[in-house]
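> Model the following, please.
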Amino acid sequence: IRQVNPNLSVDAIKDILLQTATDLGTVGEDNTYGKGVINLLAAVQLAQTGFGSVDGYIRNSTNNNPLPGRVEIVNRNISVNANGSGYYILSAPADTTYMLRASYFGFVPQDFSIFVIPNDTVSHNFGLSPAPNAILQGTITSITGDPLAGAIVTINGTPLPPDTSDANGFYQFAAVPSGT
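Sure, this is the predicted structure:
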């Protein structure tokens, strides 16, 4: 890959290999095949077209604190998690305009259109706003309508801790971000 484009960074080469891998097994990244099998022909062809990077920070718009969120190129299989300082960097084929999306649980996602320049890095910082919260509550009952105590209730795909229903079958999550 370096032979066809000696200006690529190690991170860009890694991104090219991951983006061009042939997916095997379950669609997407999985524990059996990871991202798939290296497709060297596709990787070399992508490296020849020119590659650029996008970097920046994801921050809380209300207090400027860093957020270890995720930045993705919308409708592409290109994404990266920001570090604890909120810093992200991702590589993509150049001479193309992409829609970036930054997201973090509990915050409203933000989109930004950006043009990637060959063999260069363009920067964009995201300021995410906290999502409004709502109360989610209910009652767990048996098929006969009797309350079920001790039922563990979770909200899948969130970092929110589970709640356990009380003696009346009641559970409550006091602050669930909207869109969850």
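> any chance you could map the helices in the chain?
Using DSSP state H, the helices found in the chain span residues 10-20, 40-48.
> now those helices as TSV including mean neighbour count and mean pLDDT?
In this view, the C-beta of every residue, glycine as well, is placed from N, C-alpha and C. Converted to TSV, the helices of the chain look like this (neighbours: other C-beta atoms under 10 Å; pLDDT from 0 to 100):
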stretch	mean neighbour count	mean pLDDT
helix 10-20	17	86
helix 40-48	15	84
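> so who does the residue nearest the centre of the chain touch?
With distances taken as C-alpha atoms, centre = their mean, Arg70 lies nearest the centre of the chain, 3.7 Å away. Shown in contact with Arg70 (C-beta atoms under 8 Å, 6 or more residues apart in numbering): 79-82, 102-104.
> again with Gly138
153, 170-171 are the contacts of Gly138 under C-beta under 8 Å, 6+ apart.
> hmm, 7 Å instead?
Shown in contact with Gly138 (C-beta atoms under 7 Å, 6 or more residues apart in numbering): Tyr171.
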